[in-house]
Structures are given as structure tokens and as C-alpha cells.
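1. Return a 3D structure for these sequence lines:
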Amino acid sequence: MRFQTSAIMATFLSRRELLKRASLAGAAAAVVPKSRLVPEAILLQGSSRETPETLTPAEYAVLASVVARLIPTDASGPGATEAHAARYIDRALGGALASSRPSYVAGLAALEQLARSARGQSFAELTAVDQDRLLSDVEAGTAPGFAGGSETFFTLVRGHTIQGTFCDPSYGGNANFVGWDLIGYPGVRTTVGADQQRLGITVRPNHKGAYDYEMFTR
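-> Numbers count the residues shown, from 1 in each chain. This next block holds a predicted model:
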């Protein structure tokens, strides 16, 4: 699902409904709200200024800006920034996703070079409008400078952004359960009563992950 189709879809579906469908179908990158007209770096609420564990600060700033556009914050709710999806990816690149680290380093460098060549600024300093335009080219596979094709890098980051936004918080993402709250997932339960299984019933979030229960081990 392309960036350019998102604005059309958004006229028919609410952002939260889009997020529900995206998280289930693996297409969260399709959710793009009305573009902001100020640099995205100002809106990241400190995310890009976190001390990264694996990437360099410059690489992390670009990554934080990318994930902020894939599942953005808007008036109807938080997004990947508040879920700390960039932090999740950075930490995982030093562990479970270590094999993807070279792809991230090369891809983030290519995106930064693309931004400077096309717009004369770091990607993190661009407005959301310009960031989305560049990411649309990256998604379409038409952006130059990406080994293996820019669409491959886009797919990689999109998948990990979804993970970081909607995963069990014990893995470092979905901070404060914001991802689960966005899609209406009430949290892990070991028992569910009959009254909670009826159609149309909204279950109150318990904000518990699997590892909050002793029966689950990693």
C-alpha cells in the first residue's frame, strides 16, 4: 500500500480504524495524517535526542524521523514516537536484529544523502511534507543510492516500526501501551469471562503484557 493512496483512504476511514486494519494486515505505513508544516525534528518530543545504544546519534535522529512519519502522531492520538519504536529498533539492532544492522547503517546514510542532495538539509530537519515526499520515492523504489533498492530498505524499516509500536512492551517498544491503546487491544489476559466475549463489548485495558504473568517466560 503506497503513501500516495493514504490521503484518499483517510477521507473514508478514521485514523484509529486505519491503525487497527494496518496493525492486523501489516500495513501501518499507510497511515499518513495531514502534513505538518514545521520540521519534524521539533515534534519528536525528545525521541531523536535519546542516547542510542547501537546506532550513532546522527543515524538515530534520521531513524526517529522516519518512524515518526510511518505511524505519525496527530490530533487523534500518539504514534510510533510515543511508542518508542526507534528505541526498540536501535536496541534490537544490537541483539535479535543484529543481522539487519548493516542494512540500517547503509540505508539511513543513503536517505540522509538523498535529503541533502534533494532538499539541502538533513532528513530530520525537513518538514513533514518533504519527508513524506522522499519516503514515497523510497517506498516506490525510485530513490537513488540504496544498495538492493530503496523499496527493500523501506519495507525493512516499516516492518520493524510496526513491531516497535505494537509489540509486548517487555521488548522495548509500545511504551506505556500506547500502541495497544491505539488499536483497542486490552492487554494480555489469562482468563476472559463470558460477559467479555460478547460482540460489541469493549474490554477495559489492563495494560499488562505476557511477561507480567509468572506463567510466561522468555
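2. Centre of the chain to the edge, which residue is at the far end?
-> Taking C-alpha atoms, centre = their mean as the measure, the residue most remote from the mean C-alpha position of the chain is residue 194, 34.6 Å away.
3. Backbone dihedrals for it, both of them.
-> Backbone torsions of residue 194, given as degrees, to the nearest 10, read phi -60, psi -40.
4. any idea of the pLDDT on residue 66?
-> If you check residue 66, the pLDDT there is 98.
5. Helix or strand: which one has residue 135?
-> For residue 135, the host element (DSSP states H and E) is helix 128-140.
6. Who are the packing partners of that helix?
-> Applying 3 or more C-beta pairs under 8 Å, 6 or more residues apart in numbering; DSSP states H and E, we find helix 128-140 packed against helix 3-10, helix 57-70, helix 101-119, helix 150-166. C-beta coordinates here come from the backbone N, C-alpha and C atoms, glycine included.
7. distance between it and the chain's centre?
-> Between the centre of helix 128-140 and the centre of its chain there are 15 Å (C-alpha atoms, centre = their mean, to the nearest Å).
8. buried sites along that helix?
-> Within helix 128-140, the residues that qualify as buried are 128, 130, 131, 132, 133, 134, 135, 136, 137, 138, 139, counting by 16 or more other C-beta atoms under 10 Å.
9. what angle do that helix and helix 150-166 make?
-> 120 degrees (axes from the mean of the first three to the mean of the last three C-alpha atoms, to 10 degrees).
10. Helix 128-140 to helix 101-119, inter-axis angle?
-> Going by the same axes, to 10 degrees, helix 128-140 is angled at 130 degrees with respect to helix 101-119.
11. what residues are up against residue 170?
-> Residues in contact with residue 170 (C-beta atoms under 8 Å, 6 or more residues apart in numbering) are 209, 210, 211, 218.
12. pretty sure the first one contacts residue 185?
-> So the one you mean is residue 209. No: using C-beta atoms under 8 Å, residue 209 is not in contact with residue 185, being 10.8 Å away.
13. where does the chain dip in pLDDT?
-> 1-49 (pLDDT under 70).
14. Any figure for the gap between the residue farthest from the centre of the chain and residue 201?
-> As judged by C-beta to C-beta, to the nearest Å, residue 194 and residue 201 stand 10 Å apart.
15. With residue 75 instead?
-> Distance from residue 75 to residue 201, by C-beta to C-beta: 27 Å.
16. nearest spatial neighbour of residue 169, skipping sequence neighbours?
-> residue 209 (5.1 Å; C-beta to C-beta, 6 or more residues apart in numbering).
17. quick one, what contacts that neighbour?
-> 168, 169, 170, 187, 188.
18. do that again at 6 Å, thanks
-> Contact analysis of residue 209 by C-beta atoms under 6 Å, 6 or more residues apart in numbering lists 168, 169, 170, 188.
19. And residue 167, by the same measure?
-> Residues in contact with residue 167 (C-beta under 6 Å, 6+ apart) are 173, 174.
20. Understood, closing this out.
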